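J.: I would like the atomic coordinates for the input below:
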Amino acid sequence: MDQVDHLVEECKSGSQRAQIEIYRLYHKQVFNTCLRLVCNKVDAEDMMQNAFIDALTNISRYKGPDTFAGWIKRIAVNNCIDFLKKRKIEPESREMLPDIADEQSEAEENELKLKVETVKAAMNEIHSDYRVILSLHLFEGMDNEEICLILKLKEGNVRTRLSRAKKALLECIKNIEVHHEKRMMTS
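T.: Alright, predicted model coming up:
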């Protein structure tokens, strides 16, 4: 039995110390997952807290053999999807991708920043269904089978939606780049 399995068993027995330790181990991962889906720090914080409340309240339902990290992330993803459906909003923040490494020349760094900002803006522009499936696939590294389980879709639907999402993202990136080039030409 590894450390996490031991902590889970302690949580099942009601140990607050174990609950705090589980939170300490996974809160950053769960927050990042939520942030990529809802694109707003405040909402992501709420979704993360809800995921931990749901997970720890229902810890007796965790049976494995999946990792606890995968289990709590699935809870967080489902909470985020429900949140997006209920609110039918587009995110306000552009916090979708990691920061840029410092080891590049200024010109390369500026170009990379522009590309990252373009992708962030494009992710924010596409429909939330597309953003969710792309985030699960690209940022969370989930395969089609895992996405099927979380989104409760058939594999063919996941492949189709993922293909359409990629196409929509690329089209949006292209439009943003064209708009940027036009602005640069008129400046």
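
J.: alpha carbons only for contacts and neighbour counts from here, please
T.: OK.

J.: Can you name the element that comes right after the lowest-mean-pLDDT helix or strand in the chain?
T.: The weakest-scoring helix or strand in the chain, judged by mean pLDDT, DSSP states H and E, is helix 106-125 (a mean of 74). Going down the chain from helix 106-125, the next helix or strand is helix 128-134, by DSSP states H and E.

J.: contacting residues for residue 48?
T.: Listed by C-alpha atoms under 8 Å, 6 or more residues apart in numbering, the contact partners of residue 48 are 27, 30, 31, 34, 76.

J.: give the contact list for the third one.
T.: So that's residue 31. Applying C-alpha under 8 Å, 6+ apart to residue 31 gives the contacts 44, 45, 47, 48.

J.: Pull out the buried positions in the strand or helix carrying the second one.
T.: The one in question is residue 45. Secondary structure assignment for residue 45, by DSSP H and E: helix 41-57. Using 16 or more other C-alpha atoms under 10 Å as the test for burial, helix 41-57 gives 41, 43, 44, 45, 47, 48, 49, 50, 51, 52, 55, 56.

J.: Among those residues, give me the pair with the biggest separation.
T.: Among these, the pair separated by the greatest distance (C-alpha to C-alpha) is 41 and 56, at 22.3 Å.

J.: Does residue 141 lie in a helix or a strand, and which?
T.: Residue 141 is part of no helix or strand, with elements assigned from DSSP H and E.

J.: Distance of it relative to residue 157?
T.: Applying C-alpha to C-alpha, to the nearest Å, the value for residue 141 to residue 157 is 18 Å.

J.: tell me the mean pLDDT over stretch 45-58?
T.: Stretch 45-58 comes out with an average pLDDT of 94.

J.: Which elements pack onto the longest helix anywhere in the chain?
T.: Longest helix of the chain, by residue count under DSSP state H: helix 155-186. Counting contacts by 3 or more C-alpha pairs under 8 Å, 6 or more residues apart in numbering; DSSP states H and E, helix 155-186 packs against helix 106-125, helix 128-134, helix 144-151.

J.: For residue 166, find the nearest of those helices.
T.: Of all the helices and strands packed on helix 155-186, helix 128-134 comes closest under C-alpha to C-alpha, at 7.3 Å.

J.: hey, C-alpha coordinates of that closest one in PDB?
T.: Only the C-alpha atoms of helix 128-134 are listed here, as PDB (Å, rounded to 0.1, in the frame of the first residue of the first chain):
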ATOM      1  CA  SER A 128     -16.900  25.800 -24.500                       C
ATOM      2  CA  ASP A 129     -17.600  22.200 -25.600                       C
ATOM      3  CA  TYR A 130     -14.600  22.300 -27.900                       C
ATOM      4  CA  ARG A 131     -12.500  24.000 -25.200                       C
ATOM      5  CA  VAL A 132     -13.300  21.200 -22.800                       C
ATOM      6  CA  ILE A 133     -12.500  18.400 -25.100                       C
ATOM      7  CA  LEU A 134      -9.300  20.000 -26.300                       C
END
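
J.: Great, nothing more from me.
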